[in-house]
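In: Give the three-dimensional model of this entry:
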Amino acid sequence: MGVDSLGYVAFNVSAFDKWRDLLVKVFGMEARARANSDALDFRLDEYHHRISLYPTGEDSVAVIGWEVGCPDRLEALVADLRARGVDVNAGSRALCDERKVKTVYHYTCPMIGCPTEIYYGPLVSNTPLAPGRGVAGYKTGALGLGHVVFWVKDLPASLAFYREVMGFDISDYIAWDDNDAVFLHCNPRHHTLALMAEAEGRPAGAFQHLMVESTSLDDVGYGYDIVRDLGIPVAIEPGKHSNDHMQSFYLKSPSGFWIEYGFGGREIGPDWEIKNYDQPMLWGHRMVGA
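Out: Model (predicted):
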């Protein structure tokens, strides 16, 4: 039981035009307008969309969407959440149409405090992707959109919730400086979720970053050049992670949180061993300004 992948994310944004340019020009996503709405959806694979932007004048996570592979398992997850006191509500037909899914439920994550949806039956587009720039594509499919990282107040309780209820397993741990993080997988992607203990300036519930993984290291390199040429702030320089071996860099989005653009992440296999690392990088990944 539990979820199978990160299906979609949506953001409330104040700098809407800057966000649109970022997703199209840097990541090569296809912008898809909505009828009778100022919101924009962004496609990067066969799904109708994976990312949505709402021009609300504020900056926050509008929703995190977790995909479940079949309706029976979705209903079982809903029942488990409700049995644990989580107020889970069925999404309206209008919400299903907006998300482009067959069935959706929504609630607030009791550990993170983030608006959350669990769903079944995503719409697949049979038309070719029209990328905003020439890109080879993204590593998605059964691995989902990528990964998300949040700070939490109670790391042990949050870990227990995502393992026991949401169906995640531990990939590994990293503790460095004043950071304490656990990495979790729900499919072969090394991690779809990472949870970090809150610290000064990093409050519980705050969103740290979204990662999307390219199928081409060159695309990541070209993206880095575009970011520098456009004057988009870089948070962490190119490097390679110690745990998942992702080669990536991090940029600062117009909303302040980060986006990691990566390539070559490891996948979890049947003989995976959980390890505890003392730094997040093998090489590079230097903080800008540090």
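
In: alpha carbons only for contacts and neighbour counts from here, please
Out: Will do.

In: Measure how far whichever strand or helix holds H106 is from the centre of its chain, please.
Out: Of the helices and strands defined by DSSP states H and E, H106 is found in strand 101-108. For strand 101-108, the separation from the chain centroid amounts to 17 Å (computed by Cα atoms, centre = their mean, to the nearest Å).

In: Following element in sequence after it, please.
Out: Next element after strand 101-108 (DSSP H and E): strand 115-122.

In: which secondary structure elements does that following strand contact?
Out: Under the contact criterion of 3 or more Cα pairs under 8 Å, 6 or more residues apart in numbering; DSSP states H and E, strand 115-122 touches strand 60-67, helix 71-83, strand 101-108.

In: who wins for proximity to L145 among the ones you listed?
Out: Among these, strand 60-67 comes nearest to L145, with 9.9 Å by Cα to Cα.

In: helices and strands around the closest one, which ones?
Out: Looks like strand 60-67 contacts strand 5-13, strand 115-122 (3+ Cα pairs under 8 Å, 6+ apart).

In: same question for stretch 199-210, mean pLDDT?
Out: Confidence for stretch 199-210, expressed as mean pLDDT, is 94.

In: With mean neighbour count, distance to H48 and mean pLDDT as extra columns, can I get the helices and strands packed on strand 115-122 in CSV?
Out: Formatted as CSV, the helices and strands packed on strand 115-122 follow (neighbours: other Cα atoms under 10 Å; distance: least, Cα to Cα, whole Å; pLDDT from 0 to 100):
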stretch, mean neighbour count, distance to H48, mean pLDDT
strand 60-67, 20, 14, 98
helix 71-83, 16, 20, 98
strand 101-108, 20, 10, 98
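
In: Compare those and report which one is nearest to A206.
Out: Of all the helices and strands packed on strand 115-122, strand 60-67 comes closest under Cα to Cα, at 8.9 Å.

In: picking that back up, now that we have the helices and strands packed on strand 60-67, can you turn them into JSON lines and tack on mean neighbour count, distance to H185 and mean pLDDT?
Out: Listed next are the helices and strands packed on strand 60-67 as JSON lines, based on neighbours: other Cα under 10 Å; distance: least, Cα to Cα, whole Å; pLDDT from 0 to 100:
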{"stretch": "strand 5-13", "mean neighbour count": "23", "distance to H185": "9", "mean pLDDT": "98"}
{"stretch": "strand 115-122", "mean neighbour count": "21", "distance to H185": "16", "mean pLDDT": "98"}
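
In: Three-state assignment for the spatially closest residue to M166 that is not a sequence neighbour, please.
Out: Of all residues not flanking M166 in the chain, G2 sits nearest, at 4.4 Å (Cα to Cα, 6 or more residues apart in numbering). Put simply, G2 is coil when judged by DSSP: H, G, I helix; E, B strand; the rest coil.
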